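S.K.: With the sequence up front, the predicted model follows.
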Amino acid sequence: MFTLVKRQKAYIQIAEQITESLRRGDFKNGDRLPAVRELEARFGVSRSTVREALSALELAGIVEIRPGQGAFVRASDQAEGARFELDHGQSPTEVLEARLIIEPEGARLAAERATTEDMQALADVLQILRAVVAEGKPAVASDIQFHVAVAKASGNSLIHEVIRGVADYLGEALWHSLREQAWAEGDLGPIYVQQHARTLKAIQARNGDEAAQSMREHLLHVQQDLYPEG
């Protein structure tokens, strides 16, 4: 008779409210949805939550996100009966919060403990990242590999396992959609190469404070890239 009550994440609630608005006919195909900033104010939530909701709608085929232009209704008829089955785990915001806690300290430990083999592995991944970026391609996979390599170099198996799990999560649909938007809207490759080179240099110099600071600044940059103003 009864089913378990599940606490929904905010971005799913917003996606469902927007979907209900489409069912009512408030927007038709081709219409531009209100800007992220306006939706923030209407729903009383953060920019990141709004962007996650819009990405969920895009994955459902209901809206199309055009870099630099906004979100446009693509198939309002699909709003009828739409359900968002994306709430299997953590939201991208939660993952970034956890990474900001774990990865800088992992980089600090890597500066203290990295072996010669670890440092070579980091240098190899960075070289691959540079090559992919030089070809003008999104270097998402190489970027993730660098983070996993830093975690391994920390010498802490739990940190390594957690970041490997994060890497698996980064391949999921919602995160992939957010990353694709970010790479489409900005030339992130050269910036990330420079940031990772700084982290590697600090690890090679056995400078734990600099390694931690560099990793933290990189992740804050990632956060801003995923959830820019507007």
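M.R.: Nice, thanks for sending it over. Numbers count the residues shown, from 1 in each chain.
S.K.: residues near the closest residue to residue 42 other than its chain neighbours, how many?
M.R.: Leaving aside its sequence neighbours, residue 42 sits nearest to residue 34 (CB to CB, 6 or more residues apart in numbering; 7.1 Å). In this view, the C-beta of every residue, glycine as well, is placed from N, C-alpha and C. Residues near residue 34, counting by other CB atoms under 10 Å, number 15.
S.K.: Hmm, residue 41 and residue 34 touching each other?
M.R.: No: in this structure residue 34 lies outside contact range of residue 41 using CB atoms under 8 Å: 9.1 Å.
S.K.: you'd agree residue 64 is in a strand?
M.R.: Yes: Residue 64 forms part of a strand when assessed by DSSP: H, G, I helix; E, B strand; the rest coil.
S.K.: Run through the residues that contact it.
M.R.: By CB atoms under 8 Å, 6 or more residues apart in numbering, residue 64 lies in contact with 58, 71, 72, 74.
S.K.: just residue 146 next, same as before
M.R.: By CB under 8 Å, 6+ apart, the neighbours of residue 146 are 122, 125, 126, 129, 196.
S.K.: Closest one to residue 50 out of those residues, please.
M.R.: Closest approach between the contacts of residue 146 and residue 50, by CB to CB: residue 196, at 29.2 Å.
S.K.: Skip the chain neighbours and tell me the closest residue to the closest one.
M.R.: residue 146 (5.2 Å).
S.K.: What strand or helix carries that neighbour?
M.R.: helix 140-153 (DSSP states H and E).
S.K.: any idea which helix or strand comes after that helix?
M.R.: Counting by DSSP H and E, what follows helix 140-153 is helix 157-169.
S.K.: buried stuff in that next one?
M.R.: 159, 160, 162, 163, 166 (16 or more other CB atoms under 10 Å).
S.K.: Closest one of these to residue 26?
M.R.: For the buried residues of helix 157-169, the nearest to residue 26 is residue 166 (37.6 Å; CB to CB).
S.K.: Nearest to residue 14 among the contacts of residue 64?
M.R.: Using CB to CB, the contacts of residue 64 come closest to residue 14 at residue 71, 12.1 Å.
S.K.: how close does that closest one sit to residue 51?
M.R.: Taking CB to CB, to the nearest Å as the measure, residue 71 falls 9 Å from residue 51.
S.K.: which neighbours do those two share?
M.R.: Common neighbours of residue 71 and residue 51 (CB under 8 Å, 6+ apart) do not exist.
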